[in-house]
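Enquirer: Need the 3D shape of this:
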Amino acid sequence: MESTVYLRVNRVNPTVCERARDVSVSDLHEAYYAAGGNGLMSSEMRPRQAGARIVGPAVTAWCAPGDNLMMHRALYLANPGDVLVVVCSCPTSGAQWGDVATRYALKKGLAGVVVHGPVRDTDTVEALGFPVWSTHVRSIHPDKCGHGSVNAPVICDGVCVIPGDLVMADGDGVVCVAKALAADVVEAALERMRREDDALAAIAAGTSVWELSGAAASYGSMNITELDRACDDEAS
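Expert: This is a model prediction of the structure:
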C-alpha cells in the first residue's frame, strides 16, 4: 500500500468564511439543500464541548485503522483558521485525537477538528477550550506507522469533503459546503436569518407561530375533524 500527501490546498475564499461566522449550521444546511446540496453529517457527529462553533476551510486526513500518522501530517501542514477533517477507516479503533494534538493545534491557531472516529482526553481537551467534534470517544492509543492520505478527498460520516471546502460546526452538528458554491450558499443562509429576524419581530408584536410558520394555512386545507370535547368524555 502507498500513501498520497498533497502539500497544497485550494481553500475557500477567506471573505466567505468571514461572512459565514454569523450563520448557524441549520441555516447553512437549509440554504445548501435548497441549492441542491446536502453536506450535513449524521447525528453521530457530536461536539465534545458545549457552545463550540467553528467555520473554516477543510484540511483532510485519511488514516489506517488504529493509526493517526496521517492526521499528524495534516496537522503539521494545516494553516491558522483551518478545520482539520480526519477519517479513520475503522472508527472504533485507536483514538485519532487527544490532548497533545490539541495543544499543538491551539498553538498553530486551527479553528477546530472534525473526526469520523474516536477521540480521547476529552475532559482535558474541553478544559483547553479547543473545539472538537467526533463520532466516538475511545481511550485506545493509536499507532503512527499506517498508510493513508493527506489533503485528498475523504468521505467523513457520509459526506464528501474536498480539501478547501467550507466546513461549519456548532451544537447542531457539522456541515460541509463545496467551495465553488460556498459564497452563494452563505449569502442565502444570511438571507434566511434575516427573514427569521423579521419573524421574531412579528412574534414580539403578537403574531402566533401557528400562523407565521404556515401551519395554520396547511392545517386549514386538510380534511381534519375537530371535536370540542376531551377524548375520554362520554360521547353524547
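Enquirer: Name the helix or strand for the most centrally placed residue in the chain, please.
Expert: Note on the chain: the residue nearest the mean C-alpha position is residue 174, at 1.2 Å, using CA atoms, centre = their mean. Using DSSP states H and E, residue 174 falls within strand 173-177.
Enquirer: C-terminal to that strand, what's the next element?
Expert: According to DSSP H and E, the helix or strand after strand 173-177 is helix 179-204.
Enquirer: tell me what that next one is packed against?
Expert: helix 14-19, helix 25-34, strand 166-170, helix 209-212 (3 or more CB pairs under 8 Å, 6 or more residues apart in numbering; DSSP states H and E). C-beta coordinates here come from the backbone N, C-alpha and C atoms, glycine included.
Enquirer: May I see the buried residues of it?
Expert: 179, 181, 182, 183, 185, 186, 188, 189, 190, 192, 193 (16 or more other CB atoms under 10 Å).
Enquirer: need the helices for this protein, in chain order.
Expert: 14-19, 25-34, 69-77, 99-108, 122-128, 179-204, 209-212, 215-220 (DSSP state H).
Enquirer: Any chance of those helices in JSON lines with distance to residue 52 and mean pLDDT as columns?
Expert: Shown next, in JSON lines, are the helices of the chain (distance: least, CB to CB, whole Å; pLDDT from 0 to 100):
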{"stretch": "helix 14-19", "distance to residue 52": "17", "mean pLDDT": "97"}
{"stretch": "helix 25-34", "distance to residue 52": "11", "mean pLDDT": "96"}
{"stretch": "helix 69-77", "distance to residue 52": "18", "mean pLDDT": "98"}
{"stretch": "helix 99-108", "distance to residue 52": "13", "mean pLDDT": "97"}
{"stretch": "helix 122-128", "distance to residue 52": "9", "mean pLDDT": "95"}
{"stretch": "helix 179-204", "distance to residue 52": "19", "mean pLDDT": "91"}
{"stretch": "helix 209-212", "distance to residue 52": "28", "mean pLDDT": "89"}
{"stretch": "helix 215-220", "distance to residue 52": "32", "mean pLDDT": "92"}
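Enquirer: okay if I get the ones you listed as a markdown table plus distance to residue 58?
Expert: A markdown table is the format used below for the helices of the chain (distance: least, CB to CB, whole Å):
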| stretch | distance to residue 58 |
| --- | --- |
| helix 14-19 | 11 |
| helix 25-34 | 14 |
| helix 69-77 | 10 |
| helix 99-108 | 15 |
| helix 122-128 | 20 |
| helix 179-204 | 9 |
| helix 209-212 | 36 |
| helix 215-220 | 37 |
